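what follows is a predicted structure for the sequence shown.
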Amino acid sequence: MNGERPFVILNVAMTADGKIDTAARRGAAISSPRDRERVDRLRAESDAVMVGGRTLTGDDPKLTVKSATLRAGRRARGLDENPIKVGIISNAAGLRSDCQFLTAGPARVFLYTAQQTGAAQLERLRAQGVSVFVVGEQQVDLPETMRSLRSHGVARLLVEGGSTLNAALLYRRLVDEVYIYVAPLIFGGADAPTLAGGPGFPRDEAIRLQELDVEQLADGGVVIHYRVL
């Protein structure tokens, strides 16, 4: 692990044709109950869970550990029962004060944003107990975000999307391992989001992966665990 940043694990659920949602982008269900249990264990093993702006405002995630047993295990290890919730959003104007990211818990909440977010919104978020960090002018500075998280004790970070954040982290070589749940589904759609969005990589700059493990689930899905080379 790089001492200046956390060990970063990217977790994605996608269809057999690589889609993480339908073209409608309304948070279509992809994971199975068994896979959601696996993700819950990953959360329980992490110091923080990160998502990007579209996921924050569109999916309204809780990012908490669902299993009471896993939460109790964290408390027994002297940890908060939920990992820190981390949001990455260039402009937080659309983040509702009653969203689950801010209110579900108990959990510490960190928000990394850019100078696009107005002073009044920053003040409202801080008044809700959110630790807000302005890192960047138009976009959030991801390397600086990682350094900040490490300085706040985050050694193991789980990233749960979406497509734009995944691509940005991969492009900056800020991901160490990837878990992909491949569901026995095909969504199709040229505009449906994939694991990594953005402009894409030239062939000679493609992110190379090394397979660590493959697990076949009873629901017909497959979990592939990779190391990023």
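Yes, it's here.

centre of the chain to the lowest-mean-pLDDT helix or strand in the chain, how far?
Counting by mean pLDDT, DSSP states H and E, the weakest-scoring helix or strand in the chain turns out to be helix 53-59, with a mean of 92. On the basis of C-alpha atoms, centre = their mean, to the nearest Å, helix 53-59 sits 11 Å off its chain's mean C-alpha point.

and the helix or strand following that helix, C-alpha only, in PDB?
Where DSSP states H and E defines the elements, the next helix or strand beyond helix 53-59 is helix 68-76. The C-alpha trace of helix 68-76 is given here as PDB (Å, rounded to 0.1, in the frame of the first residue of the first chain):
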ATOM      1  CA  ALA A  68     -26.100  -6.500  12.900                       C
ATOM      2  CA  THR A  69     -23.500  -9.300  13.300                       C
ATOM      3  CA  LEU A  70     -21.000  -7.400  11.200                       C
ATOM      4  CA  ARG A  71     -21.700  -4.100  13.000                       C
ATOM      5  CA  ALA A  72     -21.200  -5.900  16.300                       C
ATOM      6  CA  GLY A  73     -17.900  -7.300  15.000                       C
ATOM      7  CA  ARG A  74     -16.700  -3.800  14.200                       C
ATOM      8  CA  ARG A  75     -17.600  -2.500  17.700                       C
ATOM      9  CA  ALA A  76     -15.800  -5.500  19.200                       C
END
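
tell me which other helices or strands helix 68-76 touches.
Applying 3 or more C-beta pairs under 8 Å, 6 or more residues apart in numbering; DSSP states H and E, one finds that helix 68-76 contacts helix 33-44. Just so you know, the C-beta spots here come from the backbone N, C-alpha and C atoms, and that holds for glycine as well.

buried ones in the helix it packs on?
Asp35, Arg38, Val39, Asp40, Leu42, Arg43, Ala44 (16 or more other C-beta atoms under 10 Å).

ok, stretch 22-34 next?
Within stretch 22-34, the residues scored as buried using 16+ other C-beta under 10 Å are Thr22, Arg25, Ile30, Ser31, Ser32.

residues touching it, excluding its own?
Here stretch 22-34 makes contact (C-beta atoms under 8 Å, 6 or more residues apart in numbering) with 13-15, 20-21, 39, 58-59, 181, 183, 185, 187, 189-193, 217-219, 221.

just the buried members of these?
Among those, those buried by neighbour count (16+ other C-beta under 10 Å) are 13-15, 20-21, 39, 59, 181, 183, 187, 192-193, 217, 221.
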